[in-house]
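Asker: build me a structure from this.
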Amino acid sequence: MKEERFNLISKLFNLNKNLDIIEKGLNKFDWDYTWKTLVLTSDNIIILLTYYLNNKLDYDYLIKWANIIELRDEIDYEEGYEEVISEIINILSSPEINWKLNNIEIKKYIKELRKNNF
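Answerer: Next comes the predicted model:
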């Protein structure tokens with residue numbers, strides 16, 4: 001079971017197009033999770049946002065992706081980037097509450113994620 005969960009999270013991190021299948025698979029598991037976690041990195045977010053800017057993903061994908069990731073116990077955010085990753089996930093997952101990021105804001109987030117990332 002843990003391996004299946006990790007495989008689904010890995011597919012999510014790798015921007016697998018079948019988000020409905022990933023979400024359905026993850027919904028089989030309890031939310032309370034106390035075992036080893038996977039780390040969502042600044043590079044994962046940079047790739048996601050860059051794909052969007054290059055029209056390889058649409059904004060609906062970003063919303064769904066962020067909704068699946070948000071608040072999952074088996075996912076940690078890269079050390080030193082927790083705040084900015086959390087902010088991006090929060091904004092993307094709730095555009096009706098927050099706002100839809102525009103390309104200028106997305107580029108600013110990419111720049112912020114890259115500043116300490118060589």
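Asker: excluding sequence neighbours, find me the nearest residue to Asn67.
Answerer: Ser93 (4.7 Å; C-beta to C-beta, 6 or more residues apart in numbering). From N, CA and C alone the C-beta is placed, and that goes for glycine too.
Asker: what pLDDT is listed against that neighbour?
Answerer: Here the pLDDT value assigned to Ser93 is 93.
Asker: number of residues surrounding it?
Answerer: 19 (other C-beta atoms under 10 Å).
Asker: helices or strands up against the helix or strand bottoming out on mean pLDDT in the chain?
Answerer: Sorting the helices and strands of the chain by mean pLDDT, DSSP states H and E puts helix 2-13 at the bottom, at a mean of 88. Contacts defined by 3 or more C-beta pairs under 8 Å, 6 or more residues apart in numbering; DSSP states H and E place helix 2-13 against helix 19-27, strand 38-40, helix 59-69.
Asker: so which of these is nearest Lys108?
Answerer: helix 59-69 (15.7 Å; C-beta to C-beta).
Asker: within its sheet, name the partner strands of the next helix or strand after the closest one and how each one runs.
Answerer: Per DSSP states H and E, the first helix or strand lying C-terminal to helix 59-69 is strand 75-77. Next to strand 75-77 in the sheet, as set by DSSP bridges, lie strand 38-40 (parallel).
Asker: give me the residues contacting the partner strand.
Answerer: 6, 9-10, 13, 69, 74-78, 85 (C-beta atoms under 8 Å, 6 or more residues apart in numbering).
Asker: do stretch 3-16 as well
Answerer: Stretch 3-16 is contacted by residues 18-19, 22, 25-26, 29, 33, 38, 40, 44, 47-48, 51, 57, 65, 68-69, 72, 74-75 when judged by C-beta under 8 Å, 6+ apart.
Asker: let's go with 10 Å and repeat that
Answerer: Here stretch 3-16 makes contact (C-beta atoms under 10 Å, 6 or more residues apart in numbering) with 17-19, 21-26, 28-29, 33, 35-41, 43-45, 47-48, 51, 56-57, 61, 65, 68-69, 72, 74-75.
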